[in-house]
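Novice: Model the following, please.
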Amino acid sequence: MTAEKYAILYGLTFDGKKRIKTKMRLVFSDLLTGNTIIVSGVNVLADAVRKSRSGGLSKDSKTIGRERALELSEKFYGFQPRSIQEIKVEWPKSLVCLGPAARVDYISDKFDGTVRRYWHEFDDGAVLYADPESQPDGSTILVIIGQFTIEPEGITG
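Specialist: Numbers count the residues shown, from 1 in each chain. From the prediction side, this is the model:
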């Protein structure tokens, strides 16, 4: 996988390569904390993300994250969220590739409050990954990587 795909996986943006002293490094911006993460290669990225986030989020990062979540929710659903819930996620040490993601389904009352089932069939290239271990609450992290965006009208691409 490329640095860009790893970035998506961990909620980062890949800012490119940078020469530090005499060695080339990969530079990422953490969308969750705002931290800059610099690593020698993608093989150490998961540990660097965990280390960067281990101190928890600063009050400013939590406020920024909450504001972004509220904006995206309102943009996607067309109205303000009914509730806000903070969840604790333990970032996985590894992910297992389950294969191509053919489609994603979800149920929502976006736009007008009428509950409907939505789905998006992916064009070539979307892949589904899973955390081989359960979260403390028993849930599982699933990650879809591909060339698509989430817009107010739904998933496109």
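
Novice: Skipping its backbone neighbours, what lies nearest residue 116 in space?
Specialist: residue 108 (6.7 Å; C-beta to C-beta, 6 or more residues apart in numbering). All C-beta spots, glycine's among them, are computed from the backbone N, C-alpha and C.

Novice: Correction: the previous question concerned residue 120.
Specialist: In space, residue 120 is closest to residue 155, 3.9 Å off (C-beta to C-beta, 6+ apart).

Novice: what about the one you found, which helix or strand?
Specialist: Here residue 155, judged by DSSP states H and E, is contained in strand 154-156.

Novice: repeat for residue 47
Specialist: Using DSSP H and E, residue 47 sits in helix 45-53.

Novice: Pull out the buried positions in the helix or strand just after that helix.
Specialist: Following helix 45-53 in sequence order, the next helix or strand is helix 59-77 (DSSP H and E). Neighbour-count burial for helix 59-77, counted by 16 or more other C-beta atoms under 10 Å, picks out 61, 64-65, 73, 76-77.

Novice: Repeat that for stretch 122-142.
Specialist: Buried positions in stretch 122-142, judged by neighbour count with 16+ other C-beta under 10 Å: 122, 126-129, 131, 141.

Novice: State the mean pLDDT of it.
Specialist: Average pLDDT, stretch 122-142: 86.

Novice: Would you map the strands across this structure?
Specialist: 12-20, 23-30, 36-39, 96-100, 103-108, 116-121, 127-130, 142-145, 149-151, 154-156 (DSSP state E).

Novice: In TSV, list those along with distance to residue 4.
Specialist: Below are the strands of the chain laid out as TSV (distance: least, C-beta to C-beta, whole Å):
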stretch	distance to residue 4
strand 12-20	5
strand 23-30	10
strand 36-39	14
strand 96-100	17
strand 103-108	21
strand 116-121	21
strand 127-130	14
strand 142-145	10
strand 149-151	15
strand 154-156	19
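
Novice: Quick one, which of those gets closest to residue 89.
Specialist: Nearest to residue 89, of all the strands of the chain, is strand 142-145, at 11.6 Å by C-beta to C-beta.

Novice: name the helices or strands packed onto that closest one?
Specialist: helix 3-10, strand 127-130 (3 or more C-beta pairs under 8 Å, 6 or more residues apart in numbering; DSSP states H and E).
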